[in-house]
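>>> Give me a model of this one.
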Amino acid sequence: MSWDNSETTSNPKGGAAVASTTGNLAAFCPRCHLPLTQQGSSGECLRCVVRMAFWSDEDQGDSAIPIAEATTGRTLQYGQFEIVVSPDGTPVELGSGGMATTYRARDMVLDCSVALKVIDRRVAGHPSARARFLREARAAAKLHHPHIANVTHYGEQNGECYYAMELVEGETLDARVKRYGPFSPALTLEVGVQIARALVAAEAYGVVHRDLKPSNVMLTSRPGGSNESDTVTVKLIDWGLAKAAGAESSLGVDHTFGGFVGTPAFASPEQVVPALDKGVDTRSDIYSLGVTLWYLLCGRTPFTGQTLDDIHGRQLHDALPVEQLAAAHVPKCFLALLRSMLAADPNVRPQTGRELLTALRKCQNPVRSAHRLGMLAGAAALVVLLCSLGWWLFHTRSSTKAPDQSIAVLPFENLSPDKTDSFFTVGFQDEVSADLSRIATLKVIGSNSTRSYSPENRDLGKIGRELGVTHVLEGSVRRADGKMRITVRMMNCLSNKVDWLETYDQPLENVFAVQGEITHAFASRLQGSLSKTENVALSVAPTKDLKAYDLYLRARDGASMWANRASARRDNQHKIELLNEAVVRDPSFVLAYCELAKAHGKMFDFRAGASAEELSVDHRSLAEVALEKARRLQPNSGELHLAQAYHFYRVTKDVEQARIEVDAARAMLPNNAELEFLSGNIALSLGRSDDAIRAFMRATALDPRSKKSLYWLAQAYSLSRRYQDYERTMARLSAIYPTKSGDEFDVQRAFVQAEASADTAPVRTALAAAVAAGNAAENDKEIYGLLFALWDRDPDAISRLLSTSKLDSFSDFDVSYPKAWFEAFAARLRGDAAGNQAALATARGGVEKALMIDPTSGRTLGLLAMIDAGLGHKEEAVREARRAGELVAKSALDAPVVACDLAVVYAWTSQPDRAFAVLDEWITRPTGGNALNQPTYGDFKLNPIWDSLRADPRFTALVKRLAP
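Numbering: from 1, shown residues only. I've put the predicted structure just below:
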């Protein structure tokens, strides 16, 4: 592994010593005594500028520390970190630059290997050196991403500064190219994709790296994959020159290095100009990545020069030397992308990390196709030989089929004398299943899907078919007197025979060791290889406190779906109490902190309708505290990334960052159905319904009997107007979990039928059954009743319902519709203009009060806009509707509804052309979550809100386009 800082420059123009040349003699720098072959625009030695990168002009003076002396006098222990020494007693260096050395070290508290970067106390005495070093640590610490090396600790000791970071085993891209030569286009694209993902994460935090180059990217290999591009992982390191996008100072730390910062051959043109460098953004890093990819393809940079100005001039005026890439056979699409990335004008490049990532992925498709075609051509030449060899082998020895790499862990039988210990038995099953799911080469079915298979009278063949596995793990657990007996057997579903049997008689404190043994045993028997990372993950016990573990298991043993918010809050409050006790007993219990953060996040998410006492608890802050404690302990834990994804999704509503965290978690939790379920919800929120469907399908493949995954897969189909797929999925859900007449799912299912076909009979029947069974909440019963009356255009039915209702307003997807809103509709249907205006004026007051409580509610503002449109306040209504659209722009469930609100505003203010322009766009996009005002066939056919447009042929055409 190499941590090379030696190419980074921070150039105080005119501040370096320069020697003159005489005749044909080469000039030498008086500081480093090397030939002046690399000079800045003022003749300064760029080698010395590199080495003096930490110091400002005032720091340097004549007292600069010789480089050879800057790294002497190291101690071997810094705080909780001890530097590893080689057999001869010398520290194990991972790399060194001008002012800092990186060592392999051991975190003595967490008992894990880290990389420890240290600058000498004499160097650290310079303010600019300390500022840059702290800036680098802060930049890397705030970015949590699988392709960014994460910093976990910063400290100072005896005048020296140091920070600990993730230990990345491997080498830099620069070292790999120098050892093995240029990369293939396929491998280069994969590296580019991974770095682009890191840039997306940095961009989300407003951070620009400013020194992206091959020596600042670590390359590691991972097992598996059919070609080289499938087996590499890269991580971006060295954030010493990072700055906030568009800011003059770097991440809040003042520094005065004069002009240029970066590495000349890899820096963007705007970095070279001080006036422009103050406003550099992600596009600068995109340029540097373009140069990096070019270097990977041919082993050289496109523009070189003796001075900084030489390189800058060629960037601006010379054509790209594409002939350098001739030997690499770069596909046209990739070459075109490189041209745009290396454009001198930032406005010509991809404008964001996300745009670049999309472009790189598009380039990967033809490259992979060409690779596959080449493999197929080669394979075709072997077909005859392989067939002949296969025939011979078949007839010369018995055929044996390798076992399928799929397994489900069935519920264990609880043989403990204390039957209340059932949570331990259930928890043991969950943890073994979770351990197995970490192995990427295995297909592991989640515990939720196996709960219903009781230990008695199991039909393994049927279970295998239902779960899609060839093997199951079953057994029994007995816990008593501080001891445990665990019997496990691996059963072959096809033969109904025992493939493996083992009994463990151990002290209770060895429970985690037994789990690890079981996991390793099954992995080897199912031919599932364990990577080094997987081995490490399985060897670490989550806690040494068994009581804390008991509390954690009790907290995990709860519902995942709730009938209402109140029951959700009760359940999660109980979990919080158990988990708080667990982390008090073991303050290093990372899994408990992660579950605690999720429980607090759900309390925050389900706060609507909570009591004043419940609302007095700051669950958002408490969730963030739990996450911070987990980050300090295990910053790269898969469970931590998953918990952070939940927090970004449920609490801060930063859906894009939630998606980044899910991607990070998936690398360490490859068989996690919960992760895929969250991924589906995130995709829905981003408006990517196809991605959501794929994610929910992955979740149901891993957890085929999961009620929530199947339900949300059906919802994703419904939002995409794939109603037949919706019905098929709901039928599958009903087959697994049969419903009684009047179940709430029946009402939802029938309502989707009304959206799809405008047939209202099924939903009316389903609601009547739900009311008779006592399964319909008062609000739901009345909102559906009002909806039916609107569909029937029956003003008298609306008035009757409103007169008997005890509610002041009716809630639909967290938007409260006041009674007066429906009174206005009743008056409108009667042709009572005065009554309509009076009711709208009353409704406006109620909606304004709601907006005072939550001014960011786009849906509520959209409702206000429609009221103002009905009152004739044209300009105000349009302004409010457009603002509402801005508020929900990132919410795929809200945006279609608010778009329909805008269309209503245009329709009610005599602007039909604009109304149809809005509707024409949204009928091609997914629908949203609402009973009223949806771009669906049923809503357009039935909802009287569209009556002002109904006579227009364009509306008839819209309805026809949505017809089943």
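>>> alpha carbons only for contacts and neighbour counts from here, please
Will do.
>>> Other residues contacting the host helix or strand of residue 956?
Element membership of residue 956, judged by DSSP states H and E, is helix 953-962. Contacts of helix 953-962 with the rest of the structure, by CA atoms under 8 Å, 6 or more residues apart in numbering, involve 916, 920, 923, 936, 937, 940, 941, 949, 950.
>>> Any stretches of the stretch 1-150 of the chain with poor pLDDT?
Along the stretch 1-150 of the chain, the model assigns pLDDT under 70 to residues 1-75, 96-99, 120-125.
>>> hmm, 80 instead?
Across the stretch 1-150 of the chain, residues meeting the criterion (pLDDT under 80) sit at 1-75, 87-89, 95-100, 110-111, 120-132, 135-136, 138-144, 146.
>>> Can you get me the start-to-end distance on stretch 297-316?
End-to-end span of stretch 297-316 (CA to CA, to the nearest Å): 22 Å.
>>> And the contacts of it?
37-41, 43, 177-178, 181-185, 188, 264-266, 269, 272, 291-292, 294-295, 320-321, 324-325, 327-328, 344.
>>> try stretch 187-199
By CA under 8 Å, 6+ apart, stretch 187-199 touches 145-148, 228-230, 232-236, 282, 285, 289, 293, 296-297, 353-354, 356-357, 360-361, 363-364.
>>> So residue 130 sits against residue 162, correct?
No. In this structure residue 130 lies outside contact range of residue 162 using CA atoms under 8 Å: 9.9 Å.
>>> With neighbour numbers in mind, choose between the two.
residue 162 (24 against 20; other CA atoms under 10 Å).
>>> List the residues that contact the nearest residue to that one once chain neighbours are set aside.
Once flanking residues are discounted, residue 162 sits nearest to residue 118: 4.3 Å by CA to CA, 6 or more residues apart in numbering. Contacts of residue 118 were listed using CA under 8 Å, 6+ apart, and they are 100, 101, 102, 160, 161, 162, 163.
>>> Pull the number of nearby residues for residue 819.
Residue 819 has 21 nearby residues by other CA under 10 Å.
>>> Offset the numbering so it begins at 29, please.
OK, 29 is where the count begins now, so the last one is residue 847.
>>> surely residue 683 meets residue 714?
Yes. Using CA under 8 Å, residue 683 is in contact with residue 714, at 7.2 Å.
>>> still on that earlier bit, out of the contacts of stretch 325-344, which are buried?
Burial by neighbour count, 16 or more other CA atoms under 10 Å: within the contacts of stretch 325-344 this picks out 67-68, 71, 205, 210-213, 216, 292-294, 297, 300, 319-320, 322-323, 352-353, 372.
>>> What does the pLDDT read for the closest residue in space to residue 508 that isn't next to it in sequence?
Using CA to CA, 6+ apart and skipping the chain neighbours, the partner closest in space to residue 508 is residue 444 (6.5 Å). For residue 444, the model assigns a pLDDT of 82.
>>> and residue 444, which of the three is it?
Here residue 444 is coil, with the state taken from DSSP: H, G, I helix; E, B strand; the rest coil.
>>> List the residues that contact it.
505, 506, 507, 508.
>>> so how far is residue 478 from it?
21 Å.
>>> Residue 852 too?
For residue 852 relative to residue 478 (CA to CA), the value is 52 Å.
>>> same question, residue 818
Relative to residue 478, and taking CA to CA, residue 818 is found at 45 Å.
>>> same thing with residue 233?
Taken as CA to CA, the span from residue 233 to residue 478 is 41 Å.
>>> between these two, who's got more neighbours?
residue 478 (20 against 15).
>>> Let me see the backbone angles for the more buried one.
Note on residue 478: backbone dihedrals following degrees, to the nearest 10 are phi -110, psi 0.
>>> dump the residue contacts of it.
Per CA under 8 Å, 6+ apart, neighbours of residue 478: 436, 437, 438, 439, 733.
>>> which among those gets closest to residue 497?
Lowest distance from residue 497 to the contacts of residue 478 (CA to CA) belongs to residue 436, with 6.8 Å.
>>> Do you have the helices of the stretch 629-778 of the chain handy? List them.
640-643, 647-661, 666-674, 683-694, 701-713, 717-730, 735-747, 751-764, 772-785 (DSSP state H, counting those that start in this stretch).
>>> can you check the stretch 479-628 of the chain too?
With helices called from DSSP H, counting those that start in this stretch, the stretch 479-628 of the chain shows them at 488-495, 539-553, 560-567, 574-584, 593-613, 618-633.
>>> Mean neighbour count, the ones you listed: which tops it?
Comparing those by mean neighbour count (mean count of other CA atoms under 10 Å), helix 618-633 comes out on top with a mean of 26.
>>> roughly how far is that helix from the heart of the chain?
Distance of helix 618-633 from its chain centroid, counting by CA atoms, centre = their mean, to the nearest Å, is 17 Å.
>>> for stretch 969-982, same thing?
With CA atoms, centre = their mean, you get 41 Å for stretch 969-982.
>>> Stretch 319-337 too?
Here stretch 319-337 is found 33 Å from its chain centre; the criterion is CA atoms, centre = their mean.
>>> OK, contacts around residue 513?
505, 506, 507, 531, 532, 533, 534.
>>> whoops, residue 569 was the one
540, 541.
>>> From residue 482, how far out is it?
Taking CA to CA, one finds residue 569 at 29 Å from residue 482.
>>> downstream neighbour of the helix or strand hosting residue 892 in the secondary structure list?
Secondary structure assignment for residue 892, by DSSP H and E: helix 886-898. Next in sequence after helix 886-898, counting helices and strands by DSSP H and E, comes helix 902-915.
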